[in-house]
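> Structure here, sequence nowhere to be found:
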């Protein structure tokens, strides 16, 4: 090929090329070069040394080019060979897919050139299309991903719009930094007396009487960070409606926002509204500690009085912790309180000690109430400081006359050792009766409270004739 190919170079602008260099130039100028005759037989294969994707294709030489083409590419080759066999020329490039019978194929764009003295030899210069195909595939995948994201965004946007318009609550989205309304539903627009287009972009503070933007946003942010902060009461400037704002802080795409729910005070009714305000004031300013926990005793909220009893610095230091961590007997007391409250609805006057953050202990009385009719059931603990009354308080379980009489009768008729042994039995019986009474005959909890095994407690209950009490194992 190289010797005959040299005849087609003419003197002039392009110098004559040495035959031994022509093959290297052709291989470098293309990714793959094939020399075939008009019958389709491959006479020579040249592969660009810098292009390693094709590997070695020397085994193609001597084969029919149709054997290394996919079925859909063969008609395109036949059409091009027919043009050259009829003496015609064609500068149009053709894309052919090669298949080598080894479960791999690759697309190549070929240009056809006549060489040789009898014009029966064709040179096919090919450019590998796999990088382009891979790029096109990546573009298609990116486009499909964008389409999926767009459809997902449309779906969420539709859900958001339906939810905002269907809900009966009035709420607005406010930018934390700017203090301006980002979005609002129709209920909020009616409550504030503005159309949505006019409300969006306005400072929310100016929609309420006597509210400065900086102070208003500071109070709103503080309320969003501390759920136990006093409610933020406002009066709308246009409709003169008294309302309470309930903010929730969050981030969207890195931007801090506040979802602000607006609840008209009149909506709950004058009586219930006044009762709610009084109860809230009692919670915040009451003398007794009030703690809300979930069904496992994990603290959800607590008032200032509890923080004072437990020496806690702020509400964030107690939220999420178990109430049992603040009781001297820990999980034993907490289990007794929770089991009796959930079983009977409430438990009153449970005497124990509360341990503060720094180890100080305070005698307290706890009452527990189980609120099962809430959307999320919880337990309310009212904790009263009983340290001042501890010295004058009568024992929870009095010593029976029979027990005292039996001890007194031993004096003079028995030695001191026997009297002490009898007294020990009396005290032990009193302790067991107290534990059973405090746990409302929950013997598993009573055994834990006394530090006994369940079997040992049953032995002592049988010894003192206490097994006949009503109740079960809890």
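Sure thing, it's come through. Predicted model, so just to flag it, every value in this text is computed and none were measured. Residues are numbered from 1 along each chain as shown.
> Longest helix in the protein, by number of residues?
Criterion DSSP state H: the longest helix present in the chain is helix 130-166.
> ok, and what's touching the very next helix or strand once past it?
Going down the chain from helix 130-166, the next helix or strand is strand 170-175, by DSSP states H and E. Strand 170-175 has contacts (CB atoms under 8 Å, 6 or more residues apart in numbering) with 164, 180-185, 187-188, 190-191, 199, 204, 217, 220, 255-264. For every residue, glycine as well, the C-beta is placed using N, CA and C.
> before we move on, the earlier item: between the longest helix of the chain and strand 170-175, how many degrees?
140 degrees (axes from the mean of the first three to the mean of the last three CA atoms, to 10 degrees).
> Buried residues of helix 130-166, list them for me.
Applying a neighbour-count criterion of 16 or more other CB atoms under 10 Å, one finds residue 164 buried in helix 130-166.
> Could you name the helices and strands sitting against that helix?
strand 105-115 (3 or more CB pairs under 8 Å, 6 or more residues apart in numbering; DSSP states H and E).
> what's the strand it packs on packed up against?
Right, strand 105-115 is packed against strand 32-37, helix 74-85, strand 94-99, strand 121-128, helix 130-166 by 3+ CB pairs under 8 Å, 6+ apart.
> Looking at the ones you listed, which is nearest to residue 250?
helix 130-166 (13.9 Å; CB to CB).
> chain center to the closest one: distance?
Centroid separation for helix 130-166 versus its chain: 22 Å, with CA atoms, centre = their mean, to the nearest Å.
> now do stretch 435-449
Worked out by CA atoms, centre = their mean, stretch 435-449 lies 41 Å from the chain centre.
> Can you give me the end-to-end span of it?
From its first residue to its last, stretch 435-449 covers 7 Å (CA to CA, to the nearest Å).
> How about stretch 97-112?
End-to-end distance (CA to CA), stretch 97-112: 16 Å.
> List the buried residues for that stretch?
Residues of stretch 97-112 classed as buried: 97, 98, 106, 107, 108, 110, 112 (neighbour count, 16+ other CB under 10 Å).
> Stretch 77-95 now?
77, 80, 81, 84, 94.
> Sort these by pLDDT and name the bottom one.
Across the set of those, residue 84 stands lowest in pLDDT, at 83.
> for the buried residues of stretch 77-95, which one is nearest residue 426?
Using CB to CB, the buried residues of stretch 77-95 come closest to residue 426 at residue 94, 111.2 Å.
> ok, that closest one to residue 278 distance?
To residue 278, residue 94 is 89 Å away according to CB to CB, to the nearest Å.
> Same question for residue 445.
Residue 445 is 36 Å from residue 278, by CB to CB.
> neighbour-wise, which of these two wins?
residue 445 (24 against 10; other CB atoms under 10 Å).
> Pull the distance from stretch 111-124 to the chain's centre.
Relative to its parent chain, stretch 111-124 has a centroid offset of 68 Å by CA atoms, centre = their mean.
> ok so, going back, could the helices and strands packed on strand 105-115 go into JSON lines alongside distance to residue 463?
As requested, the helices and strands packed on strand 105-115 are exported to JSON lines (distance: least, CB to CB, whole Å):
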{"stretch": "strand 32-37", "distance to residue 463": "101"}
{"stretch": "helix 74-85", "distance to residue 463": "102"}
{"stretch": "strand 94-99", "distance to residue 463": "94"}
{"stretch": "strand 121-128", "distance to residue 463": "96"}
{"stretch": "helix 130-166", "distance to residue 463": "66"}
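> mind listing the helices for the stretch 151-300 of the chain?
Using DSSP state H, counting those that start in this stretch, the helices of the stretch 151-300 of the chain run over 186-192, 196-199, 213-225, 270-285.
> which of the ones you listed is buried the deepest?
With neighbours taken as mean count of other CB atoms under 10 Å, those reach their highest mean count in helix 186-192, at a mean of 19.
> Which residues does that helix contact?
Contacts with helix 186-192, where a contact means CB under 8 Å, 6+ apart, come from 164-165, 167-172, 184, 195-196, 199, 207, 236, 238-239, 241, 243, 262, 264.
> From residue 432, how far off is the closest residue to residue 457 other than its chain neighbours?
Of all residues not flanking residue 457 in the chain, residue 447 sits nearest, at 4.3 Å (CB to CB, 6 or more residues apart in numbering). Taking CB to CB as the measure, residue 447 falls 10 Å from residue 432.
> Mutual contacts of those two, please.
Residues touching both residue 447 and residue 432 (CB under 8 Å, 6+ apart) are residue 457.
> re the thing from before, now the buried members of the contacts of helix 186-192.
Among the contacts of helix 186-192, the ones that count as buried (16+ other CB under 10 Å) are 164, 170, 171, 172, 184, 199, 207, 236, 241, 243, 262.
> what is the mean pLDDT for the helix or strand encompassing residue 25?
Assigned by DSSP H and E, residue 25 belongs to helix 19-29. For helix 19-29, mean pLDDT is 67.
> and of the buried ones among the contacts of helix 186-192, the nearest to residue 308?
Nearest to residue 308 among those is residue 243, at 32.2 Å by CB to CB.
> give me every residue that touches that closest one.
Counting by CB under 8 Å, 6+ apart, residue 243 has contacts 191, 233, 234, 235, 236, 262, 263, 264, 265.
> tell me the two of these that are most distant?
191 and 233 (14.5 Å).
> quick one: residue 319 is in a helix?
No: Residue 319 is assigned coil when assessed by DSSP: H, G, I helix; E, B strand; the rest coil, not a helix.
> Could you number the chain from 743 rather than 1 from now on?
Yep, numbering from 743; the last one is residue 1061 now.
> still on that earlier bit, count of neighbours near the residue nearest to residue 1199?
Here the count is done by other CB under 10 Å, and residue 1189 has 23 residues near it.
> Ok, residue 782 next?
Residue 782: 17 neighbours (other CB under 10 Å).
> Now residue 1122: which helix or strand?
Per DSSP H and E: residue 1122 is located in strand 1120-1127.
> Show me what that strand is packed up against.
Under the contact definition 3+ CB pairs under 8 Å, 6+ apart, strand 1120-1127 sits against strand 1031-1035, helix 1046-1052, helix 1073-1086, strand 1103-1113.
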